[in-house]
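Novice: with the sequence up front, the predicted model follows.
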Amino acid sequence: MSFKAQKYIFILFIIVFSIGVIEALVLSPEDYKQSDSVRIMYVHVPSAWTSVGIFSLIAILSLGNLVFKNKYFLLIAKSLAPSGLVFNIIALVTGSIWGRPTWGTWWAWDARITSMLILCIFYILYILSWRILENKTSVNKVTSLISILGLINLPIIKFSVEWWNTLHQPASITLSGSSIHSSMLLPLFIMTAAFVLFSILIFLMKYNTELIKIKNKGLDRI
Amino acid sequence: MISKKVKLRITFLFFLFLSLVLIVFLILKSLEENVVYFKSPTEIQNLSELTKKKVRIGGMVKKNSIEIMSNEINFVITDYKNEIRVKYSGIIPNLFEEGKGVVAEGFIQDRRFFIANKILAKHDENYMPPEVKEALETNND
């Protein structure tokens, strides 16, 4: 049943992603100041949003497991992590490529960029501890602790541009409105939808693999 | 509905989380000097003693302050309260412009004068097509 879901989500992803790419590269206008380099935003911002969102989910699921002892939560969290890491790396790399022509530097140790790098390290720690640790109870505890520690980093990422002087610009989209023109918001949101769909697709593949692994082990049911 | 064990777990996690947040907060608070990427001209004015170390100063490029010479550029960084004059020779980033954000890295000479060896442009959060920008400007005039 879930294999059918994978197929539908894959088709939907291809459609949304194609529309998003055409919107971002062709139909959307250039920026008054940055001209065409603004188009990096349509990859950079959605991937940053997706990676932060996925880590929040992982942390909430881990907390849920610690409270309610539902081990399916952990399995879902484990299967979510790879796509989160991939989008985190994409956000860092595209940010670097964008920073060079606009700011004049590939990298800056400012609070936003550094906290995003710390999130990347947390993702790597999280995924590695699933691989390294053999003991079931210790793997549950260690991965949950990593995700709770990483959860504290998330508001730091969000508010770093307000709390401290940073090279990174403050948020464009806030509760009171958007300082990005509506013609540029459209590709931004379509690309975000595409990245979320891609994450769901990878998640389903990972999760099904985990379920098959458990089935094959037979006795080792969760 | 919620069993006693679950309640205890929630309390435990709450205090664990609270203590971790406090620890992180205290660490960041004590490191504030280093977490900020740049200082404003006002902060440079208020320094008790001038540092010989490399610092970054950020603010706006003052309107009509850019002077371009054969191999150097002079301009003024302002935070609309205090100003500092900057001398620099080297590559200028694309977004460096009058009235826009800038971060200069280099050495303080005195409270009003700074020699930079690197200039970074600080972008603002506004994105719009050129036509919208023109329309906005004609409305303002």
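Specialist: Done, it's in.

Novice: which parts of the helix or strand that A:L75 is a member of are buried?
Specialist: Assigned by DSSP states H and E, A:L75 belongs to helix A:71-102. Under the neighbour-count criterion of 16 or more other Cβ atoms under 10 Å in any protein chain shown, helix A:71-102 has A:73-88, A:90-92, A:94-95, A:98-99, A:102 buried. Placement of C-beta: from N, CA and C, glycine included.

Novice: ignoring the adjacent residues along the chain, who's closest to the residue of chain B found nearest chain A?
Specialist: Closest approach between chain B and chain A, counting by Cβ to the nearest Cβ: B:P93, at 2.9 Å. Once flanking residues are discounted, B:P93 sits nearest to A:G104: 2.9 Å by Cβ to Cβ, 6 or more residues apart in numbering or on different chains.

Novice: quick check, the residue of chain B closest to chain A in contact with B:A121.
Specialist: Yes - under the criterion of Cβ atoms under 8 Å, B:P93 makes contact with B:A121 at 4.2 Å.

Novice: count the residues that sit near A:V21.
Specialist: A:V21 has 16 neighbours, counted by other Cβ atoms under 10 Å in any protein chain shown.

Novice: count the residues that sit near A:I212.
Specialist: 10.

Novice: helices and strands around the longest helix seen in chain B, which ones?
Specialist: Longest helix in chain B, counting residues (DSSP state H): helix B:4-30. Helix B:4-30 is packed against helix A:41-68, helix A:136-163, with contacts defined by 3 or more Cβ pairs under 8 Å, 6 or more residues apart in numbering or on different chains; DSSP states H and E.

Novice: surely the residue nearest to B:P93 forms part of a strand?
Specialist: No - A:G104 sits outside any strand when classified using DSSP: H, G, I helix; E, B strand; the rest coil, being coil.

Novice: what residues are up against it?
Specialist: Residues in contact with A:G104, defined by Cβ atoms under 8 Å, 6 or more residues apart in numbering or on different chains, are B:91-94, B:96, B:118-121.

Novice: try it again with 6 Å
Specialist: Going by Cβ atoms under 6 Å, 6 or more residues apart in numbering or on different chains, A:G104 touches B:93, B:120-121.

Novice: chain B next: which of the buried residues of helix A:71-102 are close?
Specialist: A:T102 (Cβ under 6 Å from any Cβ of the partner chain).

Novice: give the contact list for A:V67.
Specialist: B:6, B:9-10.

Novice: try B:A116
Specialist: By Cβ under 6 Å, 6+ apart, the contact set of B:A116 is B:86, B:88, B:104, B:106.

Novice: picking that back up, got a list of contacts for whichever helix or strand comes after the longest helix of chain B?
Specialist: Counting by DSSP H and E, the next helix or strand C-terminal to helix B:4-30 is helix B:32-35. Helix B:32-35 has contacts (Cβ under 6 Å, 6+ apart) with A:111, A:164.

Novice: with just CA atoms, put helix B:32-35 into PDB.
Specialist: Output of helix B:32-35 as PDB, limited to C-alpha atoms (Å, rounded to 0.1, in the frame of the first residue of the first chain):
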ATOM      1  CA  GLU B  32      28.500  37.700  23.400                       C
ATOM      2  CA  GLU B  33      31.600  39.700  22.400                       C
ATOM      3  CA  ASN B  34      32.600  36.900  20.000                       C
ATOM      4  CA  VAL B  35      29.100  36.000  18.800                       C
END
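
Novice: joint contacts of B:P93 and B:A121?
Specialist: With Cβ under 6 Å, 6+ apart as the test, B:P93 and B:A121 both reach A:103-104.

Novice: strands - which of the contacts of A:G104 land there?
Specialist: B:120-121 (DSSP state E).

Novice: closest one to B:T51 out of the contacts of A:G104, please.
Specialist: Nearest to B:T51 among those, counting by Cβ to Cβ, is B:L120 at 19.7 Å.

Novice: what average pLDDT does the helix of greatest length in chain A get?
Specialist: Assignment by DSSP H gives helix A:182-217 as the longest helix of chain A. What helix A:182-217 shows for mean pLDDT is 92.

Novice: next, the buried residues of it.
Specialist: A:183-184, A:186-188, A:190-207, A:210.

Novice: which of these come close to chain B?
Specialist: Within these, those near chain B by Cβ under 6 Å from any Cβ are A:M184.

Novice: any buried residues in stretch A:52-65, and which?
Specialist: A:52-55, A:57-59, A:61-65.

Novice: pull up the residues of chain A that are close to chain B.
Specialist: So chain A meets chain B at A:29, A:31-32, A:66-67, A:101-105, A:110-111, A:152, A:164-167, A:169-170, A:172, A:179-181, A:184 (Cβ under 6 Å from any Cβ).

Novice: can you map out the helices along chain B?
Specialist: Using DSSP H, helices in chain B cover B:4-30, B:32-35, B:41-45, B:130-140.

Novice: give me whichever of these is most buried.
Specialist: Of all the helices of chain B, helix B:41-45 has the most neighbours on average by mean count of other Cβ atoms under 10 Å in any protein chain shown, namely a mean of 18.

Novice: any weak-confidence spans in chain B?
Specialist: Along chain B, segments meeting pLDDT under 70 span B:1, B:141.

Novice: domain boundaries for it, per the record?
Specialist: Listed domain ranges for chain B are B:4-33, B:37-122 (source: automatic domain parsing).

Novice: and the longest one, how far apart are its ends?
Specialist: Okay, so that is domain B:37-122. Counting by Cα to Cα, to the nearest Å, you get 11 Å between the two ends of domain B:37-122.

Novice: can I get the helices and strands packed on helix B:4-30 in TSV with mean pLDDT?
Specialist: Shown next, in TSV, are these (pLDDT from 0 to 100):
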stretch	mean pLDDT
helix A:41-68	94
helix A:136-163	91
